Structures are given as structure tokens and as C-alpha cells.
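1. Sequence and predicted structure below; questions after.
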Amino acid sequence: MSERKGLNRQLFWLYEGHGAGPYYFRLALLGFDIATIAYFLWAPFRGEGVSHPIADYVIGGVIALDLAARFYIARPKTLFWRRFYNWADIVVVISMLAPLFTQNLAFLRLLRAVRIIRAFTLLKRLKSVSSYLKQHEAIFDRVTNLVVFVFLMAGLVYVLQKDSNPGIQNYVDALYFTVTSLTTTGYGDILMEGVWGRMLAVVIMVLGLTLFLRLLRAITLPGGKVDYPCVACGLTRHDPDAIHCKHCGTRIQIETKGVG
């Protein structure tokens, strides 16, 4: 941090430093994330004729400033582009600010479904605050993956089918179809129209079922791998009750909460 000066030093201290200032700053960012995720989840259900452009522009502007600050303090800059969260935030900003420069085209509705990916950033920040979330990281990651997948697929179904499928009148219909396909319930009251619609249904069922099964496995088998780096070979994932590294045989001491 000694090499940083001026604004770069101050921003790095807020984002990566220690003390009361950085703590409350990150807490404020966490509160902003929670509020925006709630807004993202509610937005698809507000209806075609209801819009809140000022809220969209304000949220998009704040996320853009957060992105700019993180890019400014990143060293090297290539590290910024290698993080998935940053690309997700860029998509969110584009989806929220694009109506300022162009018409609100149908593809923007699909981009807005990507807003839920902001949950990845939220979970990343929560893990550093909550030991419970860090302990159950695998479960929360898979729940997030499943939620992201469901909302993205529902957005894609809505964009591709709303003009040609009488069963898809709004986002709720698309979400309903996605969930029934994911769970293989298949009530049959809504069917995809056309070849591409049926192909999309196949993708939802195959990929979605895979995510769903992985989620169930993570929940029913909570004693999965834990993060504990071996000092000899560097293997980081071990069974929670392991006493030796399965790769090199070195004795390891994984902290446990004991019995009872």
C-alpha cells in the first residue's frame, strides 16, 4: 500500500484495508447489494407498463462507480478482467443504462435477467463476514447457481416466446414453465412453440436437472470437502475427517468443532 498515492491509496484502503472506515464502507456496499438484489428479483414482476427509470439509472450509476474504483486500484489491471463478478457487473450496468442511449429493445429484457448474477458478489462479500456462510460455501454457491440459472432461463423463455406463444403472456408464465421443466413436473399446460423453443426446453431440463441434483447432494451430504491446504503438496480440498493428505500422505490437522 506504500506505493499507492492520493485517491488510489484512499480507495485501496476502503476496499482492502482494515479498521472502522473500511468496515463500514464494505458494510454499506453489502447493504446496497442486498437492496439491489431485492429490486432485481422484484423488477421482472412489475409488468410491461410499469417502469422506474430513475431507480434503474441510479443503481446502474452506483455499480458503474464501484466498477471504476475497483478497476482503478487493481494491480495488475489484467486481474480485474479475470474476475467473473466484474463482467457480470458490466452486463448489469449496460442493461440498466442502455435505455438512455437507445430504445428499450427486447434483448434488453434478457440482459436485465442477468441482474441476478449480482448475487455472486453479495455471497462473496458475505463469506468474509459470516463464518456460517464460509462453512457452508458449497451449498450457497450451488443455490446461487440454481437461482441464476432459473432466472436466466425464464428471461430467455420470455424473450423468445412472448410474441409467438399464447401460453407465455408475462414473465411469471415463463418462470412457471422454467420451474416445472426443471423439476420434471411437466403439467403440460404450457408448451414451447417451434424448433428453437423445444430445444430451449431440452436445455432447461438437462442442465437444470444437473444443477438441481448437485444442489440436493450438497444439502443431503453437508460433510463434503473442506478447504485445508497441505503444506507439502499444496492440495487444498480434503475430507473433513482426514488426518493424512490423500495425495502425498502428509499428516494434516483440520480444525473441527468436536463432538456434541
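-> That came in fine, so what should we check first?
2. what separates stretch 166-186 from the chain centre, distance-wise?
-> Taking C-alpha atoms, centre = their mean, to the nearest Å, one finds the center of stretch 166-186 at 22 Å from the center of the full chain.
3. in that stretch, what counts as buried?
-> Of all the residues in stretch 166-186, those buried under the rule 16 or more other C-beta atoms under 10 Å are Ile168, Tyr171, Asp173, Ala174, Leu175, Tyr176, Phe177, Thr178, Thr180, Ser181, Leu182. All C-beta spots, glycine's among them, are computed from the backbone N, C-alpha and C.
4. among these, which are in helices?
-> Tyr171, Asp173, Ala174, Leu175, Tyr176, Phe177, Thr178, Thr180, Ser181, Leu182 (DSSP state H).
5. which of the residues you listed has the weakest pLDDT?
-> Taking these together, the minimum pLDDT is found at Tyr171 (77).
6. Could you dump the buried residues of stretch 166-186 into a markdown table and include distance to Met192?
-> Converted to a markdown table, the buried residues of stretch 166-186 look like this (distance: C-beta to C-beta, whole Å):
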| residue | distance to Met192 |
| --- | --- |
| Ile168 | 9 |
| Tyr171 | 16 |
| Asp173 | 12 |
| Ala174 | 11 |
| Leu175 | 14 |
| Tyr176 | 13 |
| Phe177 | 8 |
| Thr178 | 11 |
| Thr180 | 12 |
| Ser181 | 9 |
| Leu182 | 14 |
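7. Which one of those residues is nearest to Ile54?
-> Relative to Ile54, the closest of the buried residues of stretch 166-186 is Tyr171; by C-beta to C-beta it sits at 21.5 Å.
8. and the closest one, how far is that from Thr250?
-> Relative to Thr250, Tyr171 is positioned 53 Å away (C-beta to C-beta, to the nearest Å).
9. Can you convert the ones in helices among the buried residues of stretch 166-186 into a markdown table and add a column each for distance to Asn86?
-> Below are these laid out as a markdown table (distance: C-beta to C-beta, whole Å):
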| residue | distance to Asn86 |
| --- | --- |
| Tyr171 | 27 |
| Asp173 | 33 |
| Ala174 | 28 |
| Leu175 | 28 |
| Tyr176 | 33 |
| Phe177 | 32 |
| Thr178 | 27 |
| Thr180 | 34 |
| Ser181 | 31 |
| Leu182 | 29 |
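10. Of these, which is the nearest to Glu193?
-> Among those, and counting by C-beta to C-beta, the member closest to Glu193 is Phe177, at 11.5 Å.
11. residues touching Leu200, list them.
-> Contact analysis of Leu200 by C-beta atoms under 8 Å, 6 or more residues apart in numbering lists Met153, Leu156, Val157, Leu160, Met192.
12. Leu79 versus the second one, what's the distance?
-> As for Leu156, its distance to Leu79 is 31 Å (criterion: C-beta to C-beta).
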